[in-house]
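Visitor: What follows is a predicted structure for the sequence shown.
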Amino acid sequence: MRGAHVRGKRRTGGCSVMRVELRHARLVATIASAGSISSAATQLNLPQPALSSQLRRLEREFGGELFVRSYSGVVPTPLGERLIPMFVDLARRGDALIAEVAAQNTETLRVGNVEWTPPTLRDAIAASLPAVEVQTETVDPSDAMSRVAEGLLTLALVPSPPDREAADVRKMPLGTVVVLREPVWLAVPARHPLSEQGPVGPAQVRSLDWVRYARSHWFHDHEEAAFADLVEDRPVAAHRVRGHHEAMSWVREAGVAALTVPTGATKDVSLVPVANAHICELLLVWRTGSLSRATLAALVENVRRYYCDYARTIPRFWSWLVAHPEDFREVQRFLTDSPQDLPGSC
């Protein structure tokens with residue numbers, strides 16, 4: 001926000017006073033938090049040379065370096081030790097002010113969702129905020145969080161990486177909540193010998209032919225984690241797909257097996273539970289401070305109810321949810337509720 005600043009750089013009685021803008025504070029605060037120019041450049045979505053140039057320009061204005069650079073990263077100089085905490089506080093206060101103003105004046109809620117976005121999901125979100133226009137967009141998970149952090153999306157529904165603690169979400173000004181946890185199950189053709197079994201383990205799946213996900217697809221890492229517990233060696237793929245629907249078409253038409261979350265399966269394949277299944281978390285992600293607590297509570301409530309209503313259309317998954325409520329604590333209270341009327345079909 002270029003307009004947010006403390007004094008302008010001008011001559012006042014022979015001394016020069018520098019204009020400090022909110023973007024300067026964010027830059028310094030990000031470098032200090034990241035511990036290196038390269039990591040900060042990644043978080044700020046800037047080329048490293050451009051960030052280095054901006055920092056040098058800022059340091060010239062202050063008459064001294066704020067950081068000592070080395071191959072191992074950056075550490076504050078004595079000048080930096082005095083000024084960096086002020087920059088961090090300015091960035092925090094500035095972002096909080098912007099977020100509060102945005103939260104009070106939101107007329108459009110821009111929502112990102114991964115893989116595909118059914119109209120009924122948009123309707124469920126719109127029901128949370130009847131006075132707000134809702135716009136949905138299908139996005140890549142690798143872009144979703146940064147788009148929320150940059151304000152291009154208000155919020156997003158994003159599957160978490162298997163190692164959530166190592167995810168970049170921890171380095172961004174984002175809030176997250178788990179909407180629900182889905183097990184990674186087996187999808188096989190209808191009337192397959194395994195279609196009525198479950199939970200299955202290594203012995204039952206050892207001889208299957210597989211379709212797998214492209215290495216760049218968000219589900220690939222979950223698939224790898226699930227296979228690690230299910231088979232001794234990663235199976236060779238007959239084909240690598242770029243989405244759940246493509247995977248299900250291969251299951252249906254080529255007679256192969258695939259791993260999937262239950263909500264990613266189509267009605268023309270059979271879902272088979274997996275013993276000690278790997279779990280995929282679906283996160284609701286928003287920029288810290290951009291939504292009021294009441295708005296967030298309404299959104300989380302409606303999205304969780306929506307997923308439970310959708311799960312009712314997947315009989316084997318719904319039966320599993322109801323039989324194992326302790327494993328699905330986020331949506332446990334909805335497992336005995338009457339289903340909501342879902343407009344259209346998912």
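Guide: Perfect, thanks for sending it.
Visitor: in the stretch 101-250 of the chain, which spans are helices?
Guide: Ranges of helices in the stretch 101-250 of the chain, per DSSP state H, counting those that start in this stretch, are 119-128, 141-149, 202-205, 219-230, 244-254.
Visitor: how many other residues sit next to Val261?
Guide: Residues near Val261, counting by other Cβ atoms under 10 Å, number 24. In short, each C-beta sits where N, CA and C put it, glycine included.
Visitor: Please read the previous query as pertaining to Ala34.
Guide: 18.
Visitor: before we move on, what about Gly35?
Guide: 14.
Visitor: is it possible to export the helices of the stretch 101-250 of the chain to TSV including distance to Val178, mean neighbour count and mean pLDDT?
Guide: Below are the helices of the stretch 101-250 of the chain laid out as TSV (distance: least, Cβ to Cβ, whole Å; neighbours: other Cβ atoms under 10 Å; pLDDT from 0 to 100):
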stretch	distance to Val178	mean neighbour count	mean pLDDT
helix 119-128	17	18	87
helix 141-149	15	20	82
helix 202-205	28	14	89
helix 219-230	15	19	91
helix 244-254	20	19	96
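Visitor: As JSON lines, those helices with distance to Gly80 would be great.
Guide: Converted to JSON lines, the helices of the stretch 101-250 of the chain look like this (distance: least, Cβ to Cβ, whole Å):
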{"stretch": "helix 119-128", "distance to Gly80": "44"}
{"stretch": "helix 141-149", "distance to Gly80": "25"}
{"stretch": "helix 202-205", "distance to Gly80": "55"}
{"stretch": "helix 219-230", "distance to Gly80": "38"}
{"stretch": "helix 244-254", "distance to Gly80": "49"}
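Visitor: Determine which of those helices approaches Val75 most closely.
Guide: helix 141-149 (25.6 Å; Cβ to Cβ).
Visitor: got the angle for that closest one vs helix 219-230?
Guide: Calculated by axes from the mean of the first three to the mean of the last three Cα atoms, to 10 degrees, helix 141-149 forms an angle of 120 degrees with helix 219-230.
Visitor: And the contacts of helix 141-149?
Guide: For helix 141-149, the surrounding residues in contact (Cβ atoms under 8 Å, 6 or more residues apart in numbering) are 45, 112, 114, 139, 153-156, 158-159, 168-169, 172-174, 218, 285-287.
Visitor: Okay, strands next: where are they in the stretch 151-300 of the chain?
Guide: 155-159, 174-183, 185-189, 210-213, 237-241, 258-260, 269-272, 279-287 (DSSP state E, counting those that start in this stretch).
Visitor: Adjacent strands (with direction) for the third one?
Guide: Strand pairing for strand 185-189, determined by DSSP bridges: strand 258-260 (antiparallel), strand 269-272 (antiparallel).
Visitor: and those strands, which is most packed in?
Guide: strand 258-260 (a mean of 26; mean count of other Cβ atoms under 10 Å).
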